[in-house]
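Student: here is the input, now give the coordinates:
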Amino acid sequence: MVHVVDLLDREAKWPKVQPVFITVDPERDSVEAVAKYVKEFHPRLLGLTGSPDQVREAGKAYRVYYNAGPKDEDDDYIVDHTVIIYLLNPDGLLTDFYQRSKSDEKMAQSIKKHMEVYRSLFS
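Tutor: Below you'll find the model as predicted:
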């Protein structure tokens, strides 16, 4: 995702997109932990967490599967989850989604097309 943001940032004619990471493990991912995590990837990456109920509702809204696996002897566990990048327009409406199979370059091209359509409709 952040590589796609970097590709888009290379062309000044495009508005800056806001990358967002939402945890699916609110039990382990505190506000501080998420803030530290996102700093490792991109200066504009916004990290979100919430209560287990809030994360569950967000997951439901975007049809994201996630499940914490069994804990090991150190109380550590792996969370299995959907990996999808969602594109929301400036009005917050779902515009497209991208799975792992789409290359960074193809995602950037797709986002540019969506930006052009949005501009033509609302400019």
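Student: where does the residue lying farthest from the centre of the chain land in three-state SS?
Tutor: Farthest-out residue of the chain from its mean C-alpha position, per Cα atoms, centre = their mean: Glu73, at 31.2 Å. For Glu73, the assignment made with DSSP: H, G, I helix; E, B strand; the rest coil gives coil.
Student: now do it against Gln109, distance only.
Tutor: 47 Å (Cβ to Cβ, to the nearest Å). The way it works is simple: take the backbone N, C-alpha and C, and place the C-beta from them, glycine included.
Student: so Leu46 touches Phe21, yeah?
Tutor: Yes: under the criterion of Cβ atoms under 8 Å, Leu46 lies in contact with Phe21, with a separation of 7.1 Å.
Student: pLDDT averaged over stretch 108-120 - what is it?
Tutor: For stretch 108-120, mean pLDDT is 94.
Student: how about that stretch: buried residues?
Tutor: Neighbour counts over stretch 108-120 (16 or more other Cβ atoms under 10 Å) mark 108, 110-111, 115, 118 as buried.
Student: looking at this structure, which helix is longest?
Tutor: Across the chain, the longest stretch assigned as helix under DSSP state H is helix 104-122.
Student: please, where are all the helices along this protein?
Tutor: Under DSSP H, the chain gives helices at 2-9, 31-39, 52-61, 104-122.
Student: looking at those, spot the one closest to Ile78.
Tutor: Judged by Cβ to Cβ, the one of the helices of the chain that comes nearest to Ile78 is helix 31-39, at 15.9 Å.
Student: buried sites along that closest one?
Tutor: Residues of helix 31-39 classed as buried: 34, 38 (neighbour count, 16+ other Cβ under 10 Å).
Student: list the helices and strands it packs on?
Tutor: Helix 31-39 is packed against strand 20-22, strand 46-48, with contacts defined by 3 or more Cβ pairs under 8 Å, 6 or more residues apart in numbering; DSSP states H and E.
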